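>>> can't give you the sequence, but here's the structure:
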């Protein structure tokens, strides 16, 4: 997300575009599209908009159909959408929210209210993006930890002197407290150990590493 935030306005009425541009341009980086098809194309480009203001009543692709296609595309699915509408019936507002939009704004526009609502949604997106980045980082670190943990275990497929041993270890999480090991003594004696540290996750994995060591 850019420091200012990027907003894409979608409306086939040029007058509405000019009004919204005037309300928003001093606060965010703003782009405009005059059709649903153009909006879909612009939303897929990099850098993507952080939020889309989408008019409901448009020819060809109306707002709801444009929104549906945005949600079907994995590349644009997470972009928050605020519907812009002159429809004041509660059924239309409910439809907008139930379809997955984060909000709706009714014409005529009240500039301070529009800016306040969009600022809140952009801030929520910033928090969500930060959280997703943190989760991805943790998952990547856990994957490295899982590989290190598995590298400490002996070969899961062993065969010698007519004895064949197969092992399968599948933790409930990325890392866990299960362990196994085996040793050959005197050429004919197989010693085998299996262990399960109480609890799951990182604490159990650390204790498993200590026991194995």
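Now that the structure is in, tell me what you want to look at. Note that the structure is a prediction, hence the values are computed from the model and not measured.
>>> Residue 160: what's it in contact with?
residue 184 (C-beta atoms under 8 Å, 6 or more residues apart in numbering). All C-beta atoms are positioned from the backbone trio N, CA, C, and that covers glycine.
>>> Give the bridge partners for it, please.
Counting by DSSP bridges, residue 160 is bridged to residue 163.
>>> I'd like to know how far it sits from residue 73.
55 Å (C-beta to C-beta, to the nearest Å).
>>> Now do the SS call for the spatially most central residue of the chain.
Centroid-nearest residue in the chain: residue 132, 5.7 Å away (criterion: C-alpha atoms, centre = their mean). The three-state label given to residue 132 by DSSP: H, G, I helix; E, B strand; the rest coil is helix.
>>> Tell me the pLDDT of the residue of the chain most remote from its centre.
What lies farthest from the middle of the chain is residue 186; by C-alpha atoms, centre = their mean that is 55.2 Å. For residue 186, the model assigns a pLDDT of 80.
>>> and if you look at residue 2?
54.
>>> Over to residue 89?
The model's pLDDT for residue 89 equals 68.
>>> And the one 3 residues further on, by the same measure?
You'll see residue 92 listed with a pLDDT of 75.
>>> Who are the packing partners of whichever strand or helix holds it?
Using DSSP states H and E, residue 92 maps to helix 90-98. Of the remaining helices and strands, those touching helix 90-98 by 3 or more C-beta pairs under 8 Å, 6 or more residues apart in numbering; DSSP states H and E are strand 81-85, strand 103-106.
>>> try it again with 10 Å
Secondary-structure packing of helix 90-98 (3 or more C-beta pairs under 10 Å, 6 or more residues apart in numbering; DSSP states H and E): helix 63-72, strand 81-85, strand 103-106.
>>> in the protein, which spans are helices?
Assigned by DSSP state H, the chain shows helices spanning 14-24, 36-44, 63-72, 90-98, 111-151, 201-212.
>>> Report the distance from the third one to the chain centre.
The reference is to helix 63-72. Relative to its chain's centre, helix 63-72 lies at 18 Å (C-alpha atoms, centre = their mean, to the nearest Å).
>>> Return the list of helices and strands in contact with it.
By 3+ C-beta pairs under 10 Å, 6+ apart, helix 63-72 packs against strand 6-10, helix 36-44, strand 51-55, strand 81-85, helix 90-98.
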